[in-house]
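Visitor: Here you go, sequence then predicted model.
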Amino acid sequence: MKYQVIIDGDNISLERYFQDILSKIKSITKDVFTHTTVICQSNLTFKYVSQRSIALSLHCCKTQNKNATDANILFHTGRFVNQGDHVVIVSNDKIYCEIEDNINVTIVGFTPPQCEYSTNRLRKKTIVQSLHKLKRVNGESYDVTLDDLEQFFPKYGRLEIRKYIESLRLHGIIVNASDVVYINDALRTVDKILPE
């Protein structure tokens, strides 16, 4: 039997996978051959970590329609189970509970531990504070990504954080195509002149 690990790239960031979930996967698969596939319709961020190594396939959805990732994950799960493989789906999306049987399909999610940020809500002030804290800890030249901000907003997914930050564009907080979040000081000074 072979294991197929499917990561919901829109729901679980790769950094979260490496830090908190990979050890769970290894305890399930033991030493059996495992193939990992990331399925997504949004950007993925790979951060440099010395000696990190993983082989994976990346499958980008054909469209960015609302359930495109879910449909692809379900399709590939069926295909792999039909081949006789055991599928491990890495996602917090509740839809996959319907097909979990622990014989052919296992679901592994991530529940953020209770921490000082557990009650944080998406607010402009909280995002700015989080950006400043990350810059202080990692240095001014550090590129803060949506993956970094997820730790400050454990109740929200990366796409929710992105959409909220995109709504703040006129206030000088910007997320670029590479998911890097920054404050544009020129826009912030305009923001101080213009009433909200």
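Guide: Structure received. Numbers count the residues shown, from 1 in each chain.

Visitor: what does stretch 30-48 contact?
Guide: 1-10, 13-15, 25, 54-61, 63-65, 68-69, 72-73, 76, 145-147, 158-159, 162, 177-179 (CB atoms under 8 Å, 6 or more residues apart in numbering). (Each C-beta comes from the backbone N, C-alpha and C, glycine too.)

Visitor: Show me which residues of that stretch are buried.
Guide: Judged by neighbour count using 16 or more other CB atoms under 10 Å, the buried positions of stretch 30-48 are 34, 36-43, 45.

Visitor: pLDDT weak spots in the protein?
Guide: 112-118, 170, 185-196 (pLDDT under 70).

Visitor: Now do the helices in it.
Guide: 14-16, 22-29, 68-82, 124-138, 146-150, 158-167, 185-193 (DSSP state H).

Visitor: I'd like those laid out as CSV, including mean neighbour count and distance to residue 103.
Guide: Converted to CSV, the helices of the chain look like this (neighbours: other CB atoms under 10 Å; distance: least, CB to CB, whole Å):
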stretch, mean neighbour count, distance to residue 103
helix 14-16, 19, 27
helix 22-29, 14, 13
helix 68-82, 17, 10
helix 124-138, 15, 42
helix 146-150, 22, 32
helix 158-167, 16, 31
helix 185-193, 11, 54
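
Visitor: among the ones you listed, which is nearest residue 90?
Guide: For residue 90, the closest of the helices of the chain is helix 22-29, at 7.3 Å, according to CB to CB.

Visitor: Does anything pack onto the closest one? Which helices or strands?
Guide: The helices and strands touching helix 22-29, judged by 3 or more CB pairs under 8 Å, 6 or more residues apart in numbering; DSSP states H and E, are strand 3-8, strand 86-90, strand 105-108.

Visitor: quick one, which of the ones you listed is nearest to residue 139?
Guide: strand 3-8 (29.3 Å).

Visitor: got the angle between that closest one and strand 86-90?
Guide: If you take axes from the mean of the first three to the mean of the last three CA atoms, to 10 degrees, strand 3-8 sits at 20 degrees to strand 86-90.

Visitor: Strand 3-8 pairs with which strands, and in what direction?
Guide: Note on strand 3-8: by DSSP bridges, its sheet partners are strand 34-40 (parallel), strand 86-90 (parallel).

Visitor: contact partners of that strand?
Guide: 14, 17, 25, 28-29, 32-40, 56, 69-70, 73, 76-77, 80, 85-93.
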